[in-house]
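> After the sequence you'll find the predicted model.
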Protein chains: 4
Amino acid sequence: MKLLYLGDVVGRSGREGVVARLPGLIERLAPDFVVVNGENAAGGFGITGRICQELYDAGVDCILTGNHVWDQKETLGYIDGDPRLLRPMNFPAGTPGRGVAEFRTRRGEKVAVLQVMGRLFMEPLDDPFTAVEEALNRYRLGPKGGGFDAILLDVHAEATSEKMALGHLADGRASLVCGTHTHVPTADAQILPGGTAYMTDAGMCGDYDSVIGMDKVEPLRRFRRKTPGARFEPAGGEATVCGVFVETEPGTGLARRIEPVRVGGRLSQAL
Amino acid sequence: MKLLYLGDVVGRSGREGVVARLPGLIERLAPDFVVVNGENAAGGFGITGRICQELYDAGVDCILTGNHVWDQKETLGYIDGDPRLLRPMNFPAGTPGRGVAEFRTRRGEKVAVLQVMGRLFMEPLDDPFTAVEEALNRYRLGPKGGGFDAILLDVHAEATSEKMALGHLADGRASLVCGTHTHVPTADAQILPGGTAYMTDAGMCGDYDSVIGMDKVEPLRRFRRKTPGARFEPAGGEATVCGVFVETEPGTGLARRIEPVRVGGRLSQAL
Amino acid sequence: MKLLYLGDVVGRSGREGVVARLPGLIERLAPDFVVVNGENAAGGFGITGRICQELYDAGVDCILTGNHVWDQKETLGYIDGDPRLLRPMNFPAGTPGRGVAEFRTRRGEKVAVLQVMGRLFMEPLDDPFTAVEEALNRYRLGPKGGGFDAILLDVHAEATSEKMALGHLADGRASLVCGTHTHVPTADAQILPGGTAYMTDAGMCGDYDSVIGMDKVEPLRRFRRKTPGARFEPAGGEATVCGVFVETEPGTGLARRIEPVRVGGRLSQAL
Amino acid sequence: MKLLYLGDVVGRSGREGVVARLPGLIERLAPDFVVVNGENAAGGFGITGRICQELYDAGVDCILTGNHVWDQKETLGYIDGDPRLLRPMNFPAGTPGRGVAEFRTRRGEKVAVLQVMGRLFMEPLDDPFTAVEEALNRYRLGPKGGGFDAILLDVHAEATSEKMALGHLADGRASLVCGTHTHVPTADAQILPGGTAYMTDAGMCGDYDSVIGMDKVEPLRRFRRKTPGARFEPAGGEATVCGVFVETEPGTGLARRIEPVRVGGRLSQAL
Ligand SMILES: [Fe+2]
Ligand SMILES: [Fe+2]
Ligand SMILES: [Fe+2]
Ligand SMILES: [Fe+2]
Ligand SMILES: [Fe+2]
Ligand SMILES: [Fe+2]
Ligand SMILES: [Fe+2]
Ligand SMILES: [Fe+2]
């Protein structure tokens, strides 16, 4: 199976980048399943139903989020009605939405997508390690034994240590563990010893002449002046659509190839 | 001018990687100046005079550090006597060592190296933005006007936002702004609009089958169990020597090329 | 019932203060149950079996801890064998020790002691609100209905907001909610609307001419210099033994009186 | 000299408490100088010019603030025109307002008020220790030698350790070091060995049946649910006006008496 995973879509630049580039990527890479992180799609803060639809129309099969999931008020009411929109699974029990979802590809393959949020330098949610452990006991990889053809785990986290540790926790039990949240792609794509593809951060789909996707003037001013000022607005330059492409072994669901994806905009192009 | 910058050397694996790979890199890339971050060179924690010498002997011209600079007690006494060993410049006034140093290459070019530490999710040091602003007023780029042939700024920081903001602050006034500290290389090498080469993190020189260079068993256990256990020890597998290579314009000292470097070990090879 | 609760015992000064003052307090106040927080009793860092015994001998019925619980290596092995020594209940499942314990007073009254640790500005443990909610569903107050004569909840936390919120969560279901960890007694003892006695922090049993119980020279130096130096050592002056005294209603187990306790040392004396 | 210092005024409850109680306190205690922290006076978030006037009219001589100083947009424009309204002095150079101010009492005594903000668990401002050291070199206590009759230092900070350390730094050089920000009064009023009156936190002027002054329902919900909801609103019950009263030695400006003040509302009454 072929999986395409794109990082945090930031504002109009990110949305336009994904809508413009995804058809070409789909044609060229022929992914069986496409995931994107949409937590910054609405002006940099959260996501809306309309934007979800726009992304689905562009070829996205599943949308992930993160700490910005509730930035748009409507999402709390909307998320339960959209089975393809996830939020981290280690929000407290009773939180609207879901952190795990099962999908069938057009060819009938079973895919599970899991999202978890880290706690280092972030809001204190439930233990991500326990959450992942429990989820991977319920969702088993391995089409041969009746398990899933592919399992994707998104680790929405700040600290590289926590992301790498969760990668090792899932190694051999997921097809891909990929991080999001820092809005900068990492260059450490690898297949871990147990067979799981891993990359610390997918990077954002946004303008990289910016401060993590936001127009750089106000963030830079605020770092220096410590006083409130203008609102943060997404930077408007052309997005680099960033993410990762993975091919799995048919029998095991483990990875046999992982490649970074960077298309358009300022960053060096990959795949 | 050609600059080679390598990230945090972690333990024996990292040291052996640098010592083994640097001669080949020097032969192939012919850098005029070589910088490495040594804050984790001594068993993962700090650096010693002996290790500094080992790195200089391998071809390193300047060693940077970071939050781990004082992990080895001897460093507080040693650092003032080694003009090539830096610590972040925004430690309080009176701190041993220096955060800025001037060098002459064999061909007589003037190089300034600056290091600053971020504050987001880190110890509260003096303001890094003010520190960089002041340093760049003293150290001016541009050989034509009597300035430096190259200025390198290392941003030792956790948060991508702070690193990118400091990159923009220095844009047009430094040859290269490169981050360290997260131990994961980023894939966002670019030349900023003002002509400064930028990459969010150089990545570590260490074993990437690990948790940021440390043997993965104990970090993973500690994330889950929250009880003390064994000491953290560097992972022992072959290092990927990670960093960045930059070429500057002779007249301006600004960048005309930036390329990631990844040699050896598990990660995809670059340059 | 009468309950005496003393805050974090810091080093020799704190231990000597408790051993010297507790007999007099017991004689004067005639508490039916005495709790003390011992997480800093061993040189400021953790506790040992020997010190536990010393505190029991002085009249303590139950010892609480906190984030410093494992500072002394022996505690991990010791804690399971001492039913009177607690650690926060929201450590991960499987952690040695217990966060809840039941006691019988000499007169046969049933007492439950619960300890939870906050997460704001602290290590990310399991959700303290869920943990307290579940514990208070298992341990019911109210001798009339077969419940406990007294329930004490210690909130070992940094942030006043989290402590007050946990106080309200337990209001009407515990006899006393008292905080520890900041090492400074608060002056907000009150009975909450539901009948639970509340105080944000018991304060330490230690020398208040110090930095939270530690000799002030090295902490002050380290705040200013950001370099390692001497070890932190407990301050050696006479301790003020700090805590809170509560009287419960016999029928309900709720509080009818709460008074701060401050005996010896530099602080104004109370009760 | 007699100094009255009141803590963070929270919302209408706090303002009404101060306006109602201050005249009586002034009559009874006859303070020569009255300071209040107003950072939460406007609906819990910031302060306005109108509220400043209301507090001055009630007898306040100087208003301090803290991390909430800019919550009301108008304050950035207003603060430079009001010499009695302070913000922490360790904001970056160029920040509107001032962190130190000199006053003359009706009897002609010279008073200096200094405010500094801590950095532990807070925004990374400039070093508070250096800021206080420099300020105390400029503002010298001691009417005999031409210095100030009284120097007050407010430490707006979260961590008790940082507050105590700053107290010791100023010991012998200020009349009073008092903390604010946690919204809970501490019971550790004392005169430090060098003669400076010290209390870790003044507490708020607000309703103590709350979560740090805010209506308790929404904070408690948010701690548990981690989803956005209603706005935080100040609790509406009667305020306890909290603070500290200090008497200085005429010759030295050092303290000879420090007493906590708690008037009205739920907390035990003091002074
Ligand atoms: Fe994001
Ligand atoms: Fe995020
Ligand atoms: Fe490092
Ligand atoms: Fe570091
Ligand atoms: Fe403690
Ligand atoms: Fe503690
Ligand atoms: Fe406040
Ligand atoms: Fe505050």
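That came in fine, so what should we check first? Ligands and ions are numbered 1, 2, ... in the order given.
> nearest residue to A:Leu4 other than its sequence neighbours?
A:Pro31 (3.8 Å; Cβ to Cβ, 6 or more residues apart in numbering or on different chains). All C-beta atoms are positioned from the backbone trio N, CA, C, and that covers glycine.
> quick one: contacts for A:Leu152?
Contact partners of A:Leu152, counting by Cβ atoms under 8 Å, 6 or more residues apart in numbering or on different chains, are A:Leu3, A:Tyr5, A:Phe33, A:Val35, A:Val111, A:Ala112, A:Val113, A:Leu114, A:Ala174, A:Ser175, A:Leu176, A:Cys178.
> Who does the fourth one form a beta bridge with?
The reference is to A:Val35. Note on A:Val35: beta-bridge partners by DSSP bridges are A:Tyr5, A:Cys62.
> List, one by one, the residues from the stretch 1-150 of chain A near chain D.
Taking Cβ under 8 Å from any Cβ of the partner chain as the criterion, the neighbours of chain D within the stretch 1-150 of chain A are A:Trp70, A:Lys73, A:Leu76, A:Phe91, A:Pro92, A:Gly94, A:Thr95, A:Pro96, A:Glu123, A:Leu125.
> Can you pick out the most distant pair from the residues you listed?
Maximum pairwise distance among the residues of the stretch 1-150 of chain A next to chain D (Cβ to Cβ): 20.5 Å, between A:Lys73 and A:Leu125.
> Select the longest helix from chain A.
helix A:11-29 (DSSP state H).
> ok, now how distant is A:Leu169 from A:Val111?
Relative to A:Val111, A:Leu169 is positioned 20 Å away (criterion: Cβ to Cβ, to the nearest Å).
> which of A:Lys73 and A:Leu125 has more neighbours?
Per other Cβ atoms under 10 Å in any protein chain shown, whichever of A:Lys73 and A:Leu125 has more neighbours is A:Leu125, with 22 against 11.
> How about that one, nearest residue that isn't a chain neighbour?
Counting by Cβ to Cβ, 6+ apart, the residue nearest A:Leu125 is A:Asn90, at 4.5 Å.
> Could you give the number of residues near that neighbour?
24.
> Likewise for A:Arg138?
9.
> cool, A:Arg221 as well?
14.
> Phi, psi for it please.
phi -60, psi -40 (degrees, to the nearest 10).
> again with A:Pro260
phi -70, psi 150.
> Redo the contacts of A:Leu152 as TSV? Include secondary structure, neighbour count and pLDDT.
Converted to TSV, these look like this (DSSP: H, G, I helix; E, B strand; the rest coil; neighbours: other Cβ atoms under 10 Å in any protein chain shown; pLDDT from 0 to 100):
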residue	secondary structure	neighbour count	pLDDT
A:Leu3	strand	29	98
A:Tyr5	strand	28	98
A:Phe33	strand	24	98
A:Val35	strand	29	98
A:Val111	strand	25	98
A:Ala112	strand	24	98
A:Val113	strand	28	98
A:Leu114	strand	25	98
A:Ala174	coil	32	98
A:Ser175	coil	30	98
A:Leu176	strand	28	98
A:Cys178	strand	31	98
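> Tell me the gap between the helix or strand hosting A:Glu102 and the middle of its chain.
Applying DSSP states H and E as the criterion places A:Glu102 in strand A:100-104. On the basis of Cα atoms, centre = their mean, to the nearest Å, the separation between the geometric centre of strand A:100-104 and that of its chain is 15 Å.
> Sheet-wise, list the partners of it with their directions.
strand A:110-117 (antiparallel).
> hey, C-alpha coordinates of the partner strand in CSV?
Provided in CSV are the C-alpha atoms of strand A:110-117 (Å, rounded to 0.1, in the frame of the first residue of the first chain):
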residue,chain,number,x,y,z
LYS,A,110,-8.2,-1.6,5.9
VAL,A,111,-6.5,1.4,7.3
ALA,A,112,-6.5,2.7,10.9
VAL,A,113,-5.4,6.2,11.7
LEU,A,114,-4.5,7.1,15.2
GLN,A,115,-3.6,10.5,16.6
VAL,A,116,-2.0,11.3,19.9
MET,A,117,-0.7,14.6,21.4
